[in-house]
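predicted structure and sequence below. I'll ask about it afterward.
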Amino acid sequence: MANTKSAQKMVRKLKKRTEINGARRSRMRTFVRKVEEAIASGDKDAAQAALQAAQPEIMRAATKGIVHKNTASRKVSRLASRVKAIA
């Protein structure tokens with residue numbers, strides 16, 4: 001349990017920050033899932049559009065510290081290569 005005023009405030013801040021980060025992570029995963037669903041359906045145009053929407057969202061998560069920069073780049077790269085591989 002937090003003993004000092006400052007420690008109590010940090011607990012409050014951490015709780016709020018955790019909720020915000022969770023929402024951002026969830027939003028990013030939703031965009032990624034939309035791309036993966038489009039890839040699974042085999043619709044290249046839809047997959048391309050979904051990737052265009054997902055890319056800035058993934059990179060935004062990296063700038064906000066939700067995921068590491070290299071992780072975000074790797075996700076975008078792998079999704080892009082899967083979209084490109086659609087016949």
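Yes, it's here.

okay, K9: pLDDT?
At K9, the pLDDT value in this model is 94.

can you give me the helices for the chain?
All helices of the chain, identified by DSSP state H, fall at 5-41, 44-63, 69-85.

got the angle for the shortest one vs helix 44-63?
Looking back up the chat, that one is helix 69-85. 180 degrees (axes from the mean of the first three to the mean of the last three Cα atoms, to 10 degrees).

contacting residues around helix 69-85?
Helix 69-85 is contacted from outside by 32, 35-36, 38-39, 44, 47-48, 51, 54-55, 58-59, 61-62, 67, using Cβ atoms under 8 Å, 6 or more residues apart in numbering. The way it works is simple: take the backbone N, C-alpha and C, and place the C-beta from them, glycine included.

hang on, the earlier thing: with mean neighbour count added, can I get the helices of the chain in JSON lines?
JSON lines is the format used below for the helices of the chain (neighbours: other Cβ atoms under 10 Å):
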{"stretch": "helix 5-41", "mean neighbour count": "13"}
{"stretch": "helix 44-63", "mean neighbour count": "17"}
{"stretch": "helix 69-85", "mean neighbour count": "14"}
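
ok, now which ones touch the residue nearest to R27 when sequence neighbours are not counted?
Nearest non-adjacent residue to R27, counting by Cβ to Cβ, 6 or more residues apart in numbering: E57, 6.5 Å away. Counting by Cβ under 8 Å, 6+ apart, E57 makes contact with R27, M28, F31.

give me the pLDDT value at I58.
With respect to pLDDT, I58 has a value of 98.

how near is the nearest residue to it once chain neighbours are set aside to K16?
Among residues not flanking I58 along the chain, A72 sits closest, at 4.9 Å (Cβ to Cβ, 6+ apart). Per Cβ to Cβ, to the nearest Å, A72 is found 24 Å from K16.

before we move on, what about A7?
From A7 over to K16 (counting by Cβ to Cβ), the distance is 15 Å.

mind listing what A7 touches?
A7 is in contact with no residue at all, counting by Cβ under 8 Å, 6+ apart.

same question for E37.
Contacts for E37 (Cβ under 8 Å, 6+ apart) come out as A50.
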